[in-house]
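Enquirer: just need the structure, nothing else, for what follows:
(one chain, ligands or ions: 1)
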Amino acid sequence: MNRNISSFESLLRESLKDSQLEEIYRILYGKKLRTLSITEPVYKPDPDSSFDIQGYVFEAKEEQLRHKRIVRVGLIQNKIAADTTASVEAQREAIYRKVQILIDCAGINGVNILCLQEVWPMPFAFCTREKSPWCEFAESAEDGPTTNFLKPLCQRHNMVIVSPILERDRNNVIWNTAVIIDNYGQVLGKHRKNHIPRVGDFNESTYYMEGDTGHPVFETEFGRIAVNICFGRHHPLNWMMFAINGAEIVFNPSATVKDLSEHLWRIEARNAAIANHYFTCAINRVGIEKYPHEFTSGDGQQAHTESGQFYGSSYVTAPDGTRTPGLSRLKDGLLIAELDLNLNRQVSDTWGFKMTQRLPMYVEALTKAIQSNYEPQIIKSNH
Ligand SMILES: NC(=O)NCCC(=O)O
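Expert: Numbering: from 1, shown residues only. Sure thing, here's the model as predicted:
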């Protein structure tokens with residue numbers, strides 16, 4: 001596969017006429033969304049690279065009894081910014097410096113709620129299975145360096161930031177945690193990743209524990225938000241619980257690679273938005289990360305020093321299934337989407353999944369299914 005395809009949508013644009021493009025967008029994405037005009041950052045950290053910055057508007061119908069509820073969300077995807085052999089502090093600082101440019105860009109463009117990628121201040125080093133120095137990146141959710149770095153930015157831009165980090169608690173238990181810092185720079189709360197992968201190079205159970213925070217929904221000034229961290233996107237009940245607790249927007253900060261999941265990426269968060277009558281925002285990191293020591297992927301292949309290719313492609317889906325194009329597969333970027341949260345109830349009134357989902361029937365069925373003596377309901381043929 002050609003590693004240089006910058007995005008699925010750029011391929012479509014290059015291959016189709018404008019009139020065809022409109023119809024293809026209707027078929028694939030529901031419709032072609034209106035674009036937002038965006039003020040881009042002047043400063044680029046590296047003259048050879050540029051950011052992919054895109055903005056779109058999701059509209060809802062006018063209502064008689066409710067005002068529109070407009071909120072702007074921002075999604076940031078990025079490569080690491082220093083060599084993985086640099087000191088922990090140097091690696092983290094380099095990411096902070098680069099990502100701050102995109103955070104400020106989000107702020108200048110009126111983003112109300114911003115989400116960063118999974119464990120954003122560090123390389124996704126869990127493929128190595130080495131504890132040192134990677135565990136040193138784990139930090140306090142409440143007042144660690146990353147939370148302290150972001151608090152003033154939240155205040156400056158009047159913006160809520162969802163900051164996924166590797167958390168070390170007071171007992172040295174490590175978690176994969178999303179910290180929610182409100183627009184006053186206060187930690188509103190945190191959510192710890194519920195589902196830990198045991199697939200491919202994602203050896204994450206070596207490093208941190210299964211989350212113990214349930215399915216919290218955070219009431220912010222701009223809307224009720226929740227965070228379904230990466231591997232949770234393969235678990236429909238995880239998505240559903242955030243809906244049951246009243247989420248209006250669910251962020252899915254992720255780290256996943258081309259050969260494992262790129263064909264699933266466009267489906268799962270989008271399907272969750274449709275099934276749960278809320279907006280979903282899926283974010284993936286970018287680039288290939290190189291480590292000092294060889295590791296194997298446990299698949300009989302040669303030991304190697306590079307991660308798979310993180311393919312970016314961050315996107316937002318509305319509850320009616322319409323979605324934005326994805327950000328670049330190759331570049332750092334910021335996706336801004338203006339949402340009208342009234343769309344959630346409008347779609348719910350149209351499709352009514354909250355009324356048709358029949359939760360008590362499934363509670364009863366699952367209560368039986370988890371018993372060790374459960375007999376699966378299979379009707380056998382007599383032949
Ligand atoms: N970070 C993480 O959970 N990745 C697992 C791979 C995937 O979910 O595609």
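
Enquirer: okay, CA-based contacts and neighbour counts for the rest of this
Expert: OK.

Enquirer: tell me which parts of the stretch 151-300 of the chain are close to the ligand?
Expert: Pro197, Phe202, Cys230, Phe231, Ser254, Ala255, Thr256, Ser261 (C-alpha under 6 Å from any ligand atom).

Enquirer: OK, contacts around the third one?
Expert: Residues in contact with Cys230, defined by C-alpha atoms under 8 Å, 6 or more residues apart in numbering, are Glu118, Lys193, Asn252, Pro253, Ser254, Ala255.

Enquirer: which secondary structure elements does the helix or strand Asn176 falls within contact?
Expert: If you go by DSSP states H and E, Asn176 is part of strand 174-181. Under the contact criterion of 3 or more C-alpha pairs under 8 Å, 6 or more residues apart in numbering; DSSP states H and E, strand 174-181 touches helix 145-157, strand 160-168, strand 187-192.

Enquirer: nearest to Leu335, of those?
Expert: Closest approach to Leu335 among these (C-alpha to C-alpha): strand 160-168, 14.3 Å.

Enquirer: distance check, the one residue in the chain that gets nearest to the ligand against Arg198.
Expert: The ligand sits closest to Phe231 of the chain, with a gap of 3.9 Å, by C-alpha to the nearest ligand atom. Here Phe231 is placed at a distance of 10 Å from Arg198 (C-alpha to C-alpha, to the nearest Å).

Enquirer: Three-state assignment for Val363, please.
Expert: In three-state terms, and counting by DSSP: H, G, I helix; E, B strand; the rest coil, Val363 is helix.

Enquirer: give me the neighbour count for it.
Expert: Other residues within reach of Val363, judged by other C-alpha atoms under 10 Å, total 11.

Enquirer: for Ile370, see how far away it is.
Expert: Remark: distance between Val363 and Ile370 (C-alpha to C-alpha) = 11 Å.

Enquirer: show the pLDDT at Ile108.
Expert: The model reports Ile108 with a pLDDT of 97.

Enquirer: what number of residues lie near Arg66?
Expert: 8.

Enquirer: three-state assignment of it?
Expert: coil.

Enquirer: pLDDT value on it, please?
Expert: So Arg66 comes in at 98 (pLDDT).

Enquirer: what does Thr128 give?
Expert: For Thr128, pLDDT reads 97.

Enquirer: that older thread, out of the residues of the stretch 151-300 of the chain next to the ligand, grab the one that's most surrounded.
Expert: Busiest of those [other C-alpha under 10 Å] is Ser254, holding 26 neighbours.

Enquirer: how about the strands of the stretch 101-250 of the chain, start to end?
Expert: 113-115, 160-168, 174-181, 187-192, 198-199, 202-203, 218-220, 223-227, 249-254 (DSSP state E, counting those that start in this stretch).

Enquirer: TSV for those strands, including distance to Arg329 and mean pLDDT?
Expert: Shown next, in TSV, are those (distance: least, C-alpha to C-alpha, whole Å; pLDDT from 0 to 100):
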stretch	distance to Arg329	mean pLDDT
strand 113-115	18	99
strand 160-168	21	99
strand 174-181	23	99
strand 187-192	27	98
strand 198-199	22	94
strand 202-203	20	93
strand 218-220	30	98
strand 223-227	22	99
strand 249-254	14	99
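
Enquirer: of all these, which lies closest to Lys31?
Expert: strand 249-254 (20.2 Å).

Enquirer: partners of the closest one, with directions?
Expert: Paired strands of strand 249-254, with direction, are strand 223-227 (parallel), strand 279-284 (parallel) (DSSP bridges).

Enquirer: ok, back up a step: of the helices and strands packed on strand 174-181, flag the one that's most buried.
Expert: Highest mean neighbour count of the helices and strands packed on strand 174-181: strand 160-168, a mean of 27 (counted as mean count of other C-alpha atoms under 10 Å).

Enquirer: distance between it and the chain's centre?
Expert: Centre-to-centre, strand 160-168 and its host chain are 12 Å apart (C-alpha atoms, centre = their mean, to the nearest Å).
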